[in-house]
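Peer 1: next one to model:
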Amino acid sequence: MSTWQLQEPVVAPPRPGGSPVRVATEWEPLREVIVGVVDDMRVPEWDPSMRAVVPRHGRVPLTGWAGRRFPADLVEAARREVDGLADFLERQGVVVRRPNVVDHHRPVVTPHFATGGGFHSAMPRDSLFALDDLVLETPMAWRSRYFETFAFRTILRDYFERGARWAAAPKPQLRDSLWRDDRVRDHDEFDPVITEDEPLFDAADFVRIGNGVVVGQLSHVTNRAGVRWLQRQLGPGHQVLTYVFDDDGPMHIDTTLLPMGEGRVLVNEAWVSRLPDVFADWEVLVPPPSQLSPAHPLYYTSRWIHCNVLMLDEEHVLVEAEEAEFAAYLRKWGFEPIPLPFKHFQTFGGSFHCATLDVRRG
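Peer 2: Numbering: from 1, shown residues only. This next block holds a predicted model:
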């Protein structure tokens, strides 16, 4: 007769040096970063979540292209810029990781919805959240982004094997009932298009300010249930503080406010009439308007996308090459701006902060 015996679990010890993921703020010296790729990007289907966040100037082209490819010349220009960003960071001695190229035009089918495909792998800041030694896959509200983290799985598995904590939020069902059809527009109070049926959040709705404090916003992709889930996942040693700002189509906090150093925060006053109490003693840095030509295509964002900068450390900051006035302000504030071309990447809804996920600083 065979007998069953409890076996000791097989646990691979972390490699020497501890976790490769170690990040607590937005500004400590950058050591390792994930940079997205611009591949065969796909225009998502037009749905309630798109209507809530896409500015008016982007609605006509995006509805016309829904489910198809973006114009090839726009994609190629953005690809050159993001590849240039990766090359620049590597030359500075930063470890750069890139996701796998995937087919975004394969249909996405679940028990609760089907859609024609994905979106892109260009913006790891949205689908991945990193804090301390943890990297976390987020529960995103857009159906087109349902499997977006799969392009990064090779990187995540490597981090896990080297000692990082790797977690994923509960995969949302994204039923039709998630999006409200009774939403009040042109209302003084924020009225989100998503319900509280299940936890939802994009990581780009949060920034890290050190001492275990994470500041976020409620938006059309981040709900209160998502914030509660993140707080419990991080545990009592961390505080997740969330706010509502003045943007009438909020999706991601990093063009609204972005910490740039100890006690220094960049604030877009167009969308922040009242600064969160956590920044009461901080120096507030108010940027000038963008110098980007009104004729330049920005389908998913406003021209305030130039505020979406990346800190290399407390002194050096990446800024779009044509934003000379913004660069002058940065110098006046004591920073050293590093201009890189990135306006064509901005066409697709993000800039330096969105295109990257800093996983190790300090």
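Peer 1: residues making contact with the worst-scoring helix or strand of the chain on mean pLDDT?
Peer 2: Comparing helices and strands within the chain by mean pLDDT, DSSP states H and E singles out helix 48-53 as the least confident, with a mean of 85. If you take Cβ atoms under 8 Å, 6 or more residues apart in numbering as the criterion, helix 48-53 is touched by 44, 59, 62, 141-142, 179-181, 183, 192-194, 219-221, 249-251, 300. Where C-beta positions appear, they are placed from N, C-alpha and C, glycine not excepted.
Peer 1: give me that answer again for 10 Å
Peer 2: The contact list for helix 48-53, computed with Cβ atoms under 10 Å, 6 or more residues apart in numbering, reads 43-44, 58-59, 62-63, 66, 140-145, 174, 176, 178-181, 183, 185, 191-194, 200, 219-221, 247-252, 300-301, 349.
Peer 1: buried among those? Need that as a selection in PyMOL.
Peer 2: Buried members of the contacts of helix 48-53, defined by 16 or more other Cβ atoms under 10 Å, are picked up in PyMOL with:
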select buried, resi 43+44+58+62+140+141+142+143+144+145+174+178+179+192+193+194+200+219+220+221+247+250+251+252+300+301+349
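Peer 1: among the contacts of helix 48-53, which ones are in strands?
Peer 2: Nothing among those maps onto strands, per DSSP state E.
Peer 1: the closest residue to residue 347 other than its chain neighbours - how many residues pack around it?
Peer 2: The shortest distance from residue 347 to any residue that is not its chain neighbour, by Cβ to Cβ, 6 or more residues apart in numbering, is 5.1 Å, and that residue is residue 297. Each residue near residue 297 was counted by other Cβ atoms under 10 Å, and the total is 15.
Peer 1: tell me which element residue 297 is part of?
Peer 2: Counting by DSSP states H and E, there is no helix or strand that carries residue 297.
Peer 1: contacting residues around it?
Peer 2: 57, 58, 61, 70, 71, 74, 343, 344, 346, 347, 348.
Peer 1: re earlier: sitting in helices, which of the contacts of helix 48-53 do you find?
Peer 2: Using DSSP state H, the subset of the contacts of helix 48-53 located in helices is 58, 59, 62, 63.
Peer 1: from residue 291, how far out is the first one?
Peer 2: This means residue 58. Using Cβ to Cβ, to the nearest Å, one obtains 20 Å as the distance from residue 58 to residue 291.
Peer 1: low-confidence stretches in the stretch 151-300 of the chain?
Peer 2: Under the criterion pLDDT under 70, the flagged ranges of the stretch 151-300 of the chain are 183-188.
Peer 1: that older thread, and which of the contacts of residue 297 is nearest residue 126?
Peer 2: residue 348 (11.9 Å; Cβ to Cβ).
Peer 1: quick one: the closest one and residue 70 touch, right?
Peer 2: Yes: proximity of residue 348 to residue 70 meets the contact threshold set by Cβ atoms under 10 Å, at 7.4 Å.
Peer 1: shared neighbours of these two, anything?
Peer 2: Between them, residue 348 and residue 70 share these contacting residues under Cβ under 10 Å, 6+ apart: 38, 41, 43, 78, 120, 297, 299.
Peer 1: what's the farthest-apart pair in these?
Peer 2: In the shared contacts of residue 348 and residue 70, two members sit farther apart than any others by Cβ to Cβ. They are 120 and 297, at 15.8 Å.
Peer 1: sorry, back to before: by neighbour count, which of the shared contacts of residue 348 and residue 70 wins?
Peer 2: Neighbours were tallied for each of those (criterion: other Cβ under 10 Å), and the maximum of 27 neighbours falls on residue 120.
Peer 1: got a pLDDT number for that one?
Peer 2: Per-residue confidence at residue 120 stands at 96 (pLDDT).
Peer 1: what about residue 202, distance to residue 137?
Peer 2: When Cβ to Cβ is the yardstick, residue 202 and residue 137 sit 11 Å from each other.
Peer 1: compare the two and say which is more crowded by neighbours.
Peer 2: Summary of the neighbour comparison: residue 202 and residue 137, criterion other Cβ under 10 Å, with residue 202 having more neighbours (26 against 20).
Peer 1: that one reaches residue 136, doesn't it?
Peer 2: No: the criterion here is Cβ under 10 Å, and residue 202 misses it with residue 136 at 11.8 Å.
Peer 1: identify the contacts common to the two.
Peer 2: 127, 129.
Peer 1: what's around residue 93, how many residues?
Peer 2: Residue 93 is flanked by 8 other residues according to other Cβ under 10 Å.
Peer 1: I meant residue 69, not that one.
Peer 2: Residue 69 is flanked by 13 other residues according to other Cβ under 10 Å.
Peer 1: measure it to residue 342 for me?
Peer 2: The separation that residue 69 has from residue 342, given Cβ to Cβ, amounts to 22 Å.
Peer 1: quick one, helices of the stretch 51-200 of the chain?
Peer 2: In the stretch 51-200 of the chain, the helices defined using DSSP state H, counting those that start in this stretch lie at 56-65, 72-91, 124-127, 153-161.
Peer 1: re the thing from before, which residues do residue 202 and residue 137 both contact?
Peer 2: Counting by Cβ under 10 Å, 6+ apart, the common neighbours of residue 202 and residue 137 are 127, 129.
Peer 1: the stretch 251-362 of the chain: helices as residue ranges?
Peer 2: Taking DSSP H, counting those that start in this stretch to define them, one finds helices in the stretch 251-362 of the chain at 324-332, 343-346.
Peer 1: what's the most buried one of those?
Peer 2: A comparison of the helices of the stretch 251-362 of the chain by mean neighbour count, using mean count of other Cβ atoms under 10 Å, puts helix 343-346 on top with a mean of 24.
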